[in-house]
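> Here is my input; please provide its structure:
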Amino acid sequence: TADGVAGRRTWDKLFSSKAKKYKKSEDKSSSSDSDSSKKSDGIKKQSTDGKASAKNITITAQELLGKKYRTGGTGPNTFDCSGFVYYVLNNSGVASVGRTNAQGLYNMCTPVSPSEAKPGDLIFFHSTYSTPNACSHIGIYIGNGQMVHAGDPVGYASINSSYWQEHFYAFGRISG
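Got it, this is the predicted structure:
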């Protein structure tokens, strides 16, 4: 049934050998490595189109479905939660960020209220491990109450479940 979230069968079709490839020559935008492309928080912006940025983030995140969880994993085949987001941001053409933990990624974001959250925003959770009241888990919001995160394996989760609601910390937006 149509629910607005691309499931496994949709992704299999999109990335099958029969799918048409994107032609980069159609993209008129270019990125620059000049200092003017860097934000003051150390994130090098790769795209200024918020819609394109969010789409790139969500596509890259969903391409990693099924990858295994490993503490300290930064990809491409194993991830922990912050390593997953680090990998997605650096490989989606959206932002170049250094490796950090969930709290460090939160500190790089602009806070977003739950009512303003959009696909591609990051979602943070507290007290999911032994660190009380600090960001200890992170996922990528893909809309309709769903996130992609480094569980075991990388997969979808409903942010409306009682567990995630109990540990919800904040939404954050990394692109500007």
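> okay, now the closest residue to Gly72 other than its chain neighbours: neighbour count?
Leaving aside its chain neighbours, Gly72 sits nearest to Asp80 (5.9 Å; criterion: C-beta to C-beta, 6 or more residues apart in numbering). For the C-beta atoms, the positions are set from N, CA and C on the backbone; glycine is no exception. Neighbours of Asp80 under the rule other C-beta atoms under 10 Å: 19.
> list the contacts for Asp80?
Residues counted as contacts of Asp80 (C-beta atoms under 8 Å, 6 or more residues apart in numbering) are Tyr69, Arg70, Thr71, Gly72, Gly73, Thr74, Ala150.
> From Phe168, how far off is it?
20 Å (C-beta to C-beta, to the nearest Å).
> repeat for Gly72
25 Å.
> what about those two, which has more around it?
Neighbour tally, Gly72 and Phe168, criterion other C-beta under 10 Å: the higher count belongs to Phe168, 15 against 10.
> Write down the beta-bridge partners of the more buried one, one by one.
Beta-bridge pairing for Phe168 (DSSP bridges): Phe125.
> mind checking how far it is from His149?
From Phe168 to His149 the distance is 13 Å (C-beta to C-beta).
> Looks like His126 contacts Ile138 (just checking).
No - counting by C-beta atoms under 8 Å, His126 sits too far from Ile138 to count as a contact (10.7 Å).
> what about these two, which has more around it?
Ile138 (29 against 20).
> got the contact list for the closest residue to the more buried one other than its chain neighbours?
Leaving aside its chain neighbours, Ile138 sits nearest to Ala102 (4.2 Å; criterion: C-beta to C-beta, 6+ apart). If a contact means C-beta under 8 Å, 6+ apart, then Ala102 has Cys81, Ser82, Val85, Phe124, Phe125, Cys135, Ser136, His137, Ile138 as its contacts.
> What ranges does the protein have for its helices?
Under the criterion DSSP state H, the chain contains helices at 8-14, 50-63, 81-91, 102-108, 162-167.
> any chance of the ones you listed in CSV, with distance to Lys118 too?
Listed next are the helices of the chain as CSV, based on distance: least, C-beta to C-beta, whole Å:
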stretch, distance to Lys118
helix 8-14, 20
helix 50-63, 6
helix 81-91, 16
helix 102-108, 17
helix 162-167, 18
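> winner for burial among the ones you listed?
Stretch with highest mean neighbour count among these: helix 81-91 (a mean of 23; mean count of other C-beta atoms under 10 Å).
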